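# Give me a model of this one.
(chains A, B, C and D)
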There are 2 protein chains.
Amino acid sequence: MLELAILGLLKEQPLHGYELKKRLGDTLGFLWGVSYGSLYPALRRLERDGAIEIVDPAQTSRASVPATGSISGEAAAAKLRRLTKPTRRTRKAYRITAGGEEQFTRLLIADAPAGVDEDRDFSLKFAFARHLSSDGRLELLRRRRAHLADRLSRARSTGAAKGDRYTRSLAEHRTKSTERDLEWVDELISTERRALSAATEASTPPPKAATVASKGVPA
Amino acid sequence: MLELAILGLLKEQPLHGYELKKRLGDTLGFLWGVSYGSLYPALRRLERDGAIEIVDPAQTSRASVPATGSISGEAAAAKLRRLTKPTRRTRKAYRITAGGEEQFTRLLIADAPAGVDEDRDFSLKFAFARHLSSDGRLELLRRRRAHLADRLSRARSTGAAKGDRYTRSLAEHRTKSTERDLEWVDELISTERRALSAATEASTPPPKAATVASKGVPA
DNA sequence: TTATCGATATATCGCCCCGATATATCGGCA
DNA sequence: TGCCGATATATCGGGGCGATATATCGATAA
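Numbering: from 1, shown residues only, chains lettered A, B, ... in the order given. Okay, the predicted model is just below:
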């Protein structure tokens, strides 16, 4: 799971652990806690599997790998002046390899066996949806839809008159949330379908009734 | 975390592991995966700490501890006939102890240090809200509200124009979800406040303007 | 009767993630 | 110069998860 996120960020540019954690907290942070206790082991795992590699520290000057503190205006000049002599050893930047790119795609496509982390897993994959084809995105959304629909039907079949006031309120609220999630996914599916059919129309002569297939959003 | 759920169920009646798992899946299942790999270690932990104890197998006939498969009508008679000779040993039923009751309360009251499991933690506690005093419930809801408000402000401060289309859509949807959660919690707080003031009015002479304190729902 | 099958039931394994903590180094400032 | 806070890497203990190993029980079929 973490692997996917790391590889996704390293696809953009090489980064070292600390910066990686900050970006995970920033951009995917609303999904995720990401602590060092998971990050560094994950990096070692990825390196072991040849998915990432350490950027040669001699080759890459300090400028190539972004330092965490963004230097601003005045201070930057002084900083660069003193940086002609590149000290500082500690800080290992990682770069994604060809194998890593492959693994990224594999993980992104993979149909995860819907465990407890379903929600997080979907969100993470969707956050990297730009790396998927239109079909890939649709497949991802379809699977998500199926999962939510299943959760919903299961919630409904479990009679509403179960447990005490608080349990019921909880279940009810959760059901509503699931319904909203489902609606959202349906919108995303519609949008994606529209984009797909528009693209198809552009490359092939438009069939008389091209909008037929997008009527409603069945599973 | 699991401890709280287990103790909460054992408060009602003694149960053995398998049944415990089934009930966790049924009643709290919308929260939780609960696998044997966590359940049995948790039971051992609780037993080690004296929070639960094994029900003396000699004492308790089969009927006292619910068997999982509910026997229905015809089959039940035949079953009971053959059960005069009580074979079957494996199946350890656990009972909550006085110390366990204490620990349950402690865990239920505890202000968990808001980690990744905040949502699950709140839901679990709220599911057992009937074991709290009205004040306890209010405190629980207040903390939840604070957490959600914080999440929301953090989401808003992180400019909406970040990332690609998918990331933005994700963030937006999640923000809406948080808003809905917050509204729900506010409703719960109002309800609880009303109940509390009604109870207060019943026991003490009603002050002239008793509704003053319930204007709006500030943190 | 015996074989077999699915549900019941306990338990452990390896893996991953988390929070806490240890340990450096760096840059800025008094 | 000495100190502090931010940067940076790393490990530890503990808990949860999915998979799996056993074993027993009851029912059904051969």
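# who touches whatever residue of chain A ends up closest to DNA strand D in this structure?
Here chain A gets closest to DNA strand D at one residue, residue A:115, 2.4 Å apart by CB to the nearest atom of the strand. C-betas here are computed from N, CA, C, even on glycine. Going by CB atoms under 8 Å, 6 or more residues apart in numbering or on different chains, residue A:115 touches residue B:33.
# What is the burial count for the closest residue to residue A:111 other than its chain neighbours?
Once flanking residues are discounted, residue A:111 sits nearest to residue A:143: 6.5 Å by CB to CB, 6 or more residues apart in numbering or on different chains. Residue A:143 has 17 neighbouring residues, counting by other CB atoms under 10 Å in any protein chain shown.
# Work out for me the element residue A:143 sits within.
Element membership for residue A:143, per DSSP states H and E: helix A:134-157.
# buried stuff in the helix ranked longest in chain A?
Criterion DSSP state H: the longest helix present in chain A is helix A:165-203. Neighbour counts over helix A:165-203 (16 or more other CB atoms under 10 Å in any protein chain shown) mark A:166-167, A:169-171, A:173-175, A:178, A:181-182, A:184-186, A:188-189, A:192-193, A:196-197 as buried.
# Which members of these additionally contact chain B?
Within the set of the buried residues of helix A:165-203, contact with chain B (CB under 8 Å from any CB of the partner chain) is found for A:166-167, A:169-171, A:173-174, A:181, A:184, A:188.
# I'd like those residues laid out as CSV, including pLDDT.
Putting those into CSV (pLDDT from 0 to 100) gives the following:
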residue, pLDDT
A:166, 95
A:167, 94
A:169, 95
A:170, 94
A:171, 92
A:173, 95
A:174, 94
A:181, 97
A:184, 98
A:188, 98
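# Next, name the residue at the spatial heart of chain A.
Closest to where the C-alpha atoms of chain A average out (CA atoms, centre = their mean) is residue A:124, at 3.0 Å.
# The helix or strand containing that residue and DNA strand C, any residue contact?
Residue A:124 is part of helix A:118-127 when elements are defined by DSSP H and E. No. On the criterion CB under 7 Å from any atom of the strand, helix A:118-127 is out of touch with DNA strand C, staying 8.5 Å away.
# now that helix, how far from the chain's geometric center?
Put simply, helix A:118-127 sits 6 Å off its chain's centre (CA atoms, centre = their mean, to the nearest Å).
# again with stretch A:15-33
Worked out by CA atoms, centre = their mean, stretch A:15-33 lies 12 Å from the chain centre.
# Ok, stretch A:153-161 next?
Between the centre of stretch A:153-161 and the centre of its chain there are 31 Å (CA atoms, centre = their mean).
# Run the contact check for that stretch versus chain B.
Yes. Stretch A:153-161 reaches chain B (CB under 8 Å from any CB) through A:155, A:158.
# Helix or strand with the lowest mean pLDDT in chain A?
Least confident helix or strand of chain A, by mean pLDDT, DSSP states H and E, is helix A:74-82 with a mean of 43.
# could you point out which element follows that helix?
Next helix or strand after helix A:74-82 toward the C-terminus (DSSP H and E): strand A:93-96.
# what's the closest non-adjacent residue to residue A:179?
What sits nearest to residue A:179 in space, not counting adjacent residues and going by CB to CB, 6+ apart, is residue A:152, at 6.7 Å.
# Need the pLDDT of that neighbour.
Listed pLDDT for residue A:152 reads 92.
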